[in-house]
Every structure is written in structure tokens, then in C-alpha cells.
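Asker: just need the structure, nothing else, for what follows:
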Amino acid sequence: MRLASPLLAGVLTVILGGILFAALGRDPLESLYEFFISPINSLYGVSTWLLKVAPLLLISMGLAIGFRAGVWNIGAEGQFTLGAICGGGVALLFQGHGGWWLLPLMTLAGAVGGAFWAAIPAFLKTRLNTNEILTSLLLVYVAEHLLQYLVHGPWRDPQGYNFPQTVAFDTPATLAPILSGTLLNVATVASILVVPLAWLLMHRMFFGFQVRVSGLSEQAAAYAGYSRSRMVWITMLLGGGLSGLAGLFEVAGTIGKLQPVISPGYGFTAIIVAFLGQLEPVGVLLASLLVGLLYVGGDQIQISLHLPSAVAGVFQGMLLFLVLATDVLIRYRVRIVRTAPAGRADQPVEG
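Answerer: Here you go, the predicted structure:
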């Protein structure tokens, strides 16, 4: 039943989504078709869907490993942004002088940038016992303001008609489509390759065993001699590195430059994806496919049904709530207990 709970939550989300569309004055069946089927009924639509899946899969895979260890990295959105800034900064530094080596260098810079941003809450956690939830979350807003400063200030395109954006990256600094007539690029391939690597790490390596023990009981992990500080550092850096890599892929592939907003909330949505996938690599892959569909479905209903994009956010919220609810109801049984009347506490309680 634990394995079936995400499927049950998905079915309930579709049912409640139909009710939501009816409340908005739309035909439920037609709306659900436009939301879930219409966006992927062509090769181009499928490629757009997989393009949305790639950053979600990369980020949520790193977060899932950390969550397994009880390390709560909530700042993937900021690490995504720092990866984009660092990788994009390399592209701007070598503007007009790039070669085959530029994209690998940008990729390295993006991963290092994301890992560096995750290292700050890791340091504060291991040295000062600061709550990593708060520090990683607050650093999201620092990263976003840093991006705003750069594109409005020193990195602004002087020929951009005063728009807050950088110059477009040169061809050697961008990810070309790998399939003609689609938007697919190497980011999708890289994100899929992460799945078997994460599975091997978690289920065929001793480190994966340490992660699971640390997440189940810090005391048991300490008794076994597993370093909590080491676990915090490794999982935070891993999650930050994958988030930064996703940010670099986004600006080098889909956008092709730096601009004030580069993420529709991938870093926060990845938290939903990680839990929907039960913190397991294969589950995270399936959850990424589902949530990626919510993104493209949200875009589709704006055009075809003239509904706001917030509807997709409502679907994401319902999905997370129902995943948590089904997990609770599977793990626990609801019982109605009748208490004894006042003044008769000596009598046994009926249940």
C-alpha cells in the first residue's frame, strides 16, 4: 500500500481536478484532456514535456538522497540560480572566444556554483548546529537578488534596449537540439542517466546504507560510527551540485542567456517530486514525469481554455496534500474513542 499511495494520490488529484474545472465553468472531461493529453499528442509536445522533466529530475534526485539521510535542503531554488549565474558567467567571460571546451567548463562551473551555495548551510549546520531548513531557504532570496543585480547592472546587455538581460550566449555556449524538430538536448539525457547512478548509490553501495541508517535514527548511526557531519556535507553538496547543474542546463539550453527570472519554481516543486517518488530513484523519475506534465498542461490550458497558470499550482498542491494524506491513512488507522463522562474517570474507556 505504501508503494500504491502515490498512484492513489494521482487518481484522487485527477478526480478533484475535474471538480475544480467544473467549478470554474469548464467541461471537466474536455479540460482534463487539454491538461493531460493534448500537450503530449505530438513529437514536439513530448519534447517540451521532457524538457520540463529534466531539471525536476536532477534537482529532486539530489534532494531525495538528502531527505533519506534526514538532511533537509529546502534551498534548491537558490542553488539552481547560482548554478545558472556561475555557468552563465563563464559563457559571458569567453563571449566570442569559445570552443568545444566551453560547454564542459560551463557545466563544471554550474555544478560548483550550486554546491558552493549548498555548502553555506552545511557549514552552519555542522559548526553551529543551525537549522539547515531556514538557512538554505533564506539563501534562495539572496541568490535571486544577486541575479537581479547582475542582469540590471554589470552584466546587462548594452544593446538590449534597456531590458534587464545579458547578451545571448554564443553558439559554443548553448545546448543544441539532439533530435531534429524537437527541443530535446543533452540535459534530458544527463538527467535520465542520473537515475541508475542514484539507484546504484542508494542500493548497491555502502554509502547508501549509511544514508538510510542516518535517516532512520541519528543515534543508531552515531553508535555505528557514521559521522553525521560527513553525511550533512556529502548530501548537501550532492543536492546543490545537481541543482546547479540543472540551472546551467536551463540557461544554456532553453533560455540562452541570463534574465531576471530563469526558473518557474523548479527548486520548490522538486520537493513535491521527491516525496511523491517516495525518495526512491525510480519513483522520483515517475514523479518527475507526472509533475512535468502538470507544467506543460498548465501552459496548454492558458491557451486553449483561457485559465490562469495558477491552476497548475493548485494541481501541485493537491497532489502533495493527497500524497501526505494517503501515507498517513496507510500508516495509521483512524479510531473514534468515547471518553468516560466527567466524574467517572475510574471507569475504563470504551473504544
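Asker: show me where the stretch 151-300 of the chain has helices.
Answerer: With DSSP state H, counting those that start in this stretch as the criterion, the stretch 151-300 of the chain has helices at 186-203, 206-216, 218-223, 228-249, 266-276, 281-304.
Asker: looking at the fourth one now, give me its mean pLDDT.
Answerer: Going back to what we said before, that points to helix 228-249. Averaging pLDDT along helix 228-249 gives 95.
Asker: helices and strands around that helix, which ones?
Answerer: Where contact means 3 or more C-beta pairs under 8 Å, 6 or more residues apart in numbering; DSSP states H and E, helix 228-249 is packed against helix 43-68, helix 76-93, helix 102-128, helix 186-203, helix 206-216, helix 218-223, helix 266-276. Placement of C-beta: from N, CA and C, glycine included.
Asker: that helix: which residues count as buried?
Answerer: Neighbour-count burial for helix 228-249 flags 228, 231-249 (criterion: 16 or more other C-beta atoms under 10 Å).
Asker: returning to what we had before: of the helices and strands packed on helix 228-249, which approaches residue 143 most closely?
Answerer: helix 76-93 (3.8 Å; C-beta to C-beta).
Asker: just want the angle from that closest one to helix 228-249.
Answerer: For helix 76-93 against helix 228-249, the angle by axes from the mean of the first three to the mean of the last three C-alpha atoms, to 10 degrees is 50 degrees.
Asker: ok, residue 222 - contacts?
Answerer: Residues in contact with residue 222 (C-beta atoms under 8 Å, 6 or more residues apart in numbering) are residue 228.
Asker: how about residue 73?
Answerer: Residue 73 neighbours (C-beta under 8 Å, 6+ apart): 62, 63, 66, 67, 118, 121, 132, 136, 235, 236, 239, 240.
Asker: which ones are touching the residue lying closest to the last one once chain neighbours are set aside?
Answerer: So that's residue 240. Once flanking residues are discounted, residue 240 sits nearest to residue 118: 2.5 Å by C-beta to C-beta, 6 or more residues apart in numbering. Residue 118 makes contact with 73, 75, 79, 136, 236, 237, 239, 240, 241, 243, according to C-beta under 8 Å, 6+ apart.
Asker: rerun at 7 Å
Answerer: 73, 79, 236, 237, 239, 240 (C-beta atoms under 7 Å, 6 or more residues apart in numbering).
Asker: which one of those is nearest to residue 257?
Answerer: Comparing the contacts of residue 118 against residue 257 with C-beta to C-beta places residue 79 closest, at 20.1 Å.
Asker: so what's the residue count around the closest one?
Answerer: Residues contacting residue 79 under the criterion other C-beta atoms under 10 Å number 38.
Asker: do the same with residue 324
Answerer: Counted with other C-beta under 10 Å, residue 324 comes out at 14.
Asker: repeat that for residue 127.
Answerer: 9.
Asker: contacts for stretch 76-83?
Answerer: Applying C-beta under 7 Å, 6+ apart, the set of residues contacting stretch 76-83 from outside is 59, 63, 110-111, 113-114, 116-118, 139-140, 142-144, 147, 239-240, 243-248, 262-263, 266-268, 270.
Asker: how about residue 176, what does it touch?
Answerer: Taking C-beta under 7 Å, 6+ apart as the test, what residue 176 contacts is residue 185.
Asker: how close does it get to residue 182?
Answerer: Distance from residue 176 to residue 182, counting by C-beta to C-beta, to the nearest Å: 11 Å.
Asker: same check, this time on residue 315
Answerer: 25 Å.
Asker: contacting residues for the residue nearest to the spatial centre of the chain?
Answerer: A centroid search over the chain (C-alpha atoms, centre = their mean) returns residue 270, at 2.1 Å, as the residue closest to the centre. Residue 270 makes contact with 56, 59, 60, 63, 76 under the criterion C-beta under 7 Å, 6+ apart.
Asker: what is the neighbour count of residue 337?
Answerer: By the criterion of other C-beta under 10 Å, residue 337 has 7 neighbours.
Asker: same question but for residue 109, I mixed them up
Answerer: The burial count for residue 109: 21, using other C-beta under 10 Å.
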